[in-house]
Every structure is written in structure tokens, then in C-alpha cells.
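Trainee: predicted model follows, preceded by the sequence.
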Amino acid sequence: MLRTRFTEAFGVDVPIVQGGMQGVGRAELASAVSNAGGLGILTALTQPTPDALLREIIRCRSMTDKPFGVNLTVLMSIKPPPYAEYRQAIIEGGVKIVETAGYKPAEHVTHLKAHGVKVIHKCTSVRHALSAERMGVDAISIDGFECAGHPGEDDVGGLILIPAAADQLRVPMLASGGFGDGRGLVAALALGADGINMGTRFCATVEAPIHDNVKRAILGNDERGTNLIFRQLKNTARVGKNAVSDEVVRRLQEPGATFDAVRDLVAGTQGRRVLETGDMDGGLFWAGQVQGLIHDIPTVAALIDRIVVEAEAIIGRRLSTLLQPHTYSQQEAI
Ligand SMILES: Cc1cc2nc3c(=O)[nH]c(=O)nc-3n(C[C@H](O)[C@H](O)[C@H](O)COP(=O)(O)O)c2cc1C
């Protein structure tokens, strides 16, 4: 049994969280993760309306009696989604854990906390983590440069980012970005995290409600199978490598290129089509460098079980055998 500050505070059996994923974080996946002892998370904005989110929460609750959460991704947008209404749906639905991500979550954190909801804020830098801690969040999820989605603009990998954050944070912390197996979980714990958050790895599971072609593309890709897009726009995103993301990179490298140069390639509707129809060159799909460690499509329960068993074996057997009894003390050597 792996107990950490995170499992204790959030009432889950294993320190493994499924991060919010647009188009993927539906009841099938979130309930499977929670049933397997982790923390499954629905993605609010995958639902077209706050009412639809409430119905999805009810559907998820019919599929698990374990705790699950909802991700609320705050996008900077000219026409933002009705965030206050989505928040209300979460509260009305009786969900007790929210993962916030994106732009300045203060208003959401205050409102959710006032209704007894625990907040995990996902961010990509130590300074943003500390700022969220000051807002009163209950945990931080910190995404290293390896991650799928938005790694930020600092380009700091998990090997540095996780201990740098652990040195300064007081609340429990999840390491995110690049995790997919028991070795990663042990490494995260060794670096000072209290658990891991995974996205891409959960996409390649039986229960992920996406087309098989996407799962097979993840298996087919190695650790180089991603593109960083929107670098020039200071809104870097790591997506799976395909003809569309190659073309986005190419067009944005043209001098003076703006978002208009790629608008026709990056619409959310096209990304949704990839996930639904499996037309892998029909749009963008999110995926991280951890693709290089993904070689099968197990059930969520088999995956979580395997990660925990592997982590326990590494801690209890491989690492403990490295600890040899001292034959002489330093004092004696002097
Ligand atoms: C398909 C997909 C969609 C994602 N959508 C979101 C999202 O809507 N909001 C969000 O906060 N993070 C999103 N993420 C990021 C994940 O929650 C998580 O932080 C990230 O995948 C961790 O890196 P990993 O893929 O290496 O495990 C998405 C990731 C993937 C793979």
C-alpha cells in the first residue's frame, strides 16, 4: 500500500490522478480511474453546457461510488465559456474535488472552497504554484516540460521542476508530465512529490472514450513523437506529431506569422474529429513525450495495478538492495 499526504488528504487508495483532458475526460474514463483506486477527473468544458456537465457528473456517480473530480480549464478568450455556471454545476452535482488549470484561477478557488470543494491547481512553474498556494488551494499539480498540453514558456523538465517546487510548497504536490509507469511514480516520490498526474498514458487504455487509431498512434510514437506549437505566440502547446502539427510548426516559422496563419488547422472541432473518427491527419491531437514509454492498451485497473506493483517492487526490492551495511564508518576511515 502506497500512502502519501495526497492519498490521505483526498481519500483515494493510490497516489495516481488522471488529469483533465478535453474530449477524453468523460465518465467512462474518470469512473474507471476512481474505481481502480486513483482519482478520475471529468473535464468540464468537454460538455457543451453546464447542464450537460451536471448530467455527466450524475452519470459518473452512477458508475463509481469512489471520489472523482472535475477539471475546470480557464482559457483566455474573447468569448469565454460561462465559467460561473460550470462552477455551479460542479457544486450542485456534489463534486468535492476540482482540478483548476490555466489563467488566474483565484475567483474559482475562492468560490469552490467556500462550498467545501478541495482544489488541485495545475500549473507549470514554481512561482505560479506558490501563487496558487497563497490563494488557498489544497494541492498543486506541476507539469514539467515533457507534458502533453501547455507546458508553459520556461522549458523546465520534471527532474528540476518537481524538487524545485517541493522545496518551497507546503501543500501536497502531484508531479505531472512524462509519467506512465512504476519507475516514474517512484522517481516522482523521490523528487518530493506526493503522487503523479497522468494524461497521455490514460488515453491508451481500454476505457478512454476515443478512437482506437488515436490509441494506436500513441503506441506507434516514440519519445520524439510530439511537436511544440504556438511557441512564437507565447502559448506553447505540446501535441502529437502528425501532418497537421508539422504544418502548424512550419507556417509559424515564417517571419511575421500570426495566429491567422494557422487558424484553419487548429480549430477545436478538428481536434474533436480526430478523437472521434480516428482520422489522424484531420487535426491536432494532444500527446506528450511519455508516448515513448507506452507499449500497450490495458484496462485502467490493470494499468494502475501494474504501476503500483512495479513501484512497490522498486522501493521494496531494487532500491533497498542498494543499501549495503557499512563495513566501516567514515570516522574509522580517518
Ligand atoms: C488528450 C489530452 C487533452 C488534455 N486536455 C487538457 C485540458 O482540457 N485541460 C487541462 O488542464 N489539461 C489538459 N491536458 C493535460 C493533462 O491534464 C496533463 O496535465 C498532461 O497530459 C500530463 O502530461 P502527460 O501527458 O505526459 O501525462 C490534456 C492532455 C491530453 C493528453
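Mentor: Sure thing, it's come through.

Trainee: next, count neighbours for Glu99.
Mentor: 28 (other Cβ atoms under 10 Å). C-beta here means a position set from N, CA and C on the backbone, and glycine is covered the same way.

Trainee: quick check: phi and psi at it.
Mentor: phi -100, psi 110 (degrees, to the nearest 10).

Trainee: that one and Lys118 touch, don't they?
Mentor: No: contact criterion Cβ atoms under 8 Å: Glu99 and Lys118 do not qualify, at 10.0 Å.

Trainee: close to the ligand: what parts of the stretch 151-300 of the chain are there?
Mentor: 176-179, 197-201, 203, 286-288, 290 (Cβ under 6 Å from any ligand atom).

Trainee: most neighbours, which of those?
Mentor: Going by other Cβ under 10 Å, Gly288 tops those with 33 neighbours.

Trainee: contacts only, for that residue.
Mentor: Gly288 is in contact with Glu146, Cys147, Ala148, Gly149, Gly177, Gly178, Gly199, Thr200, Thr226, Arg238, counting by Cβ atoms under 8 Å, 6 or more residues apart in numbering.

Trainee: give the buried residues for stretch 40-48.
Mentor: Gly40, Ile41, Leu42, Thr43, Ala44, Leu45, Thr46, Gln47 (16 or more other Cβ atoms under 10 Å).

Trainee: now the protein against the ligand: closest residue?
Mentor: Gly199 (2.0 Å; Cβ to the nearest ligand atom).

Trainee: around the nearest residue to that residue once chain neighbours are set aside, how many other residues sit close by?
Mentor: The shortest distance from Gly199 to any non-neighbouring residue, by Cβ to Cβ, 6 or more residues apart in numbering, is to Gly19 (4.6 Å). Neighbour count for Gly19, taken as other Cβ under 10 Å: 29.

Trainee: which residues touch Gly19?
Mentor: Gly25, Ile41, Asn71, Glu99, Lys122, Ser141, Ser176, Asn197, Met198, Gly199.

Trainee: now, these that are in strands?
Mentor: Taking DSSP state E, the ones among the contacts of Gly19 that sit in strands are Ile41, Asn71, Glu99, Lys122, Ser141, Ser176, Asn197, Met198.

Trainee: could you dump those residues to a markdown table with pLDDT?
Mentor: A markdown table is the format used below for the ones in strands among the contacts of Gly19 (pLDDT from 0 to 100):
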| residue | pLDDT |
| --- | --- |
| Ile41 | 99 |
| Asn71 | 98 |
| Glu99 | 98 |
| Lys122 | 98 |
| Ser141 | 98 |
| Ser176 | 98 |
| Asn197 | 99 |
| Met198 | 99 |
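
Trainee: compute the first-to-last residue distance for stretch 37-52.
Mentor: By Cα to Cα, to the nearest Å, the extent of stretch 37-52 from end to end equals 26 Å.

Trainee: for stretch 1-17, same thing?
Mentor: Stretch 1-17 end-to-end distance (Cα to Cα) = 16 Å.

Trainee: over to stretch 98-111?
Mentor: 11 Å.

Trainee: next one: stretch 291-299
Mentor: Note: stretch 291-299 ends 17 Å apart using Cα to Cα.

Trainee: do the same with stretch 160-180
Mentor: Across stretch 160-180, first to last residue, Cα to Cα, it's 18 Å.

Trainee: now stretch 147-165
Mentor: So stretch 147-165: terminal residues 16 Å apart, Cα to Cα.

Trainee: ok, stretch 200-219 next?
Mentor: Stretch 200-219: ends 11 Å apart by Cα to Cα.

Trainee: distance from that stretch to the middle of the chain?
Mentor: Relative to the chain's own centre, stretch 200-219 is displaced by 15 Å; criterion: Cα atoms, centre = their mean, to the nearest Å.

Trainee: give the buried residues for that stretch.
Mentor: For stretch 200-219, by 16+ other Cβ under 10 Å, it's 200-205, 207-208, 210-211, 213-215, 217-218.

Trainee: ranking helices and strands of the chain by mean pLDDT, which lands last?
Mentor: Sorting the helices and strands of the chain by mean pLDDT, DSSP states H and E puts helix 330-333 at the bottom, at a mean of 60.

Trainee: checking Ile78 next. Helix, strand or coil?
Mentor: Under DSSP: H, G, I helix; E, B strand; the rest coil, Ile78 falls in the coil class.

Trainee: contacting residues around it?
Mentor: Ile78 touches nothing, counting by Cβ under 8 Å, 6+ apart.
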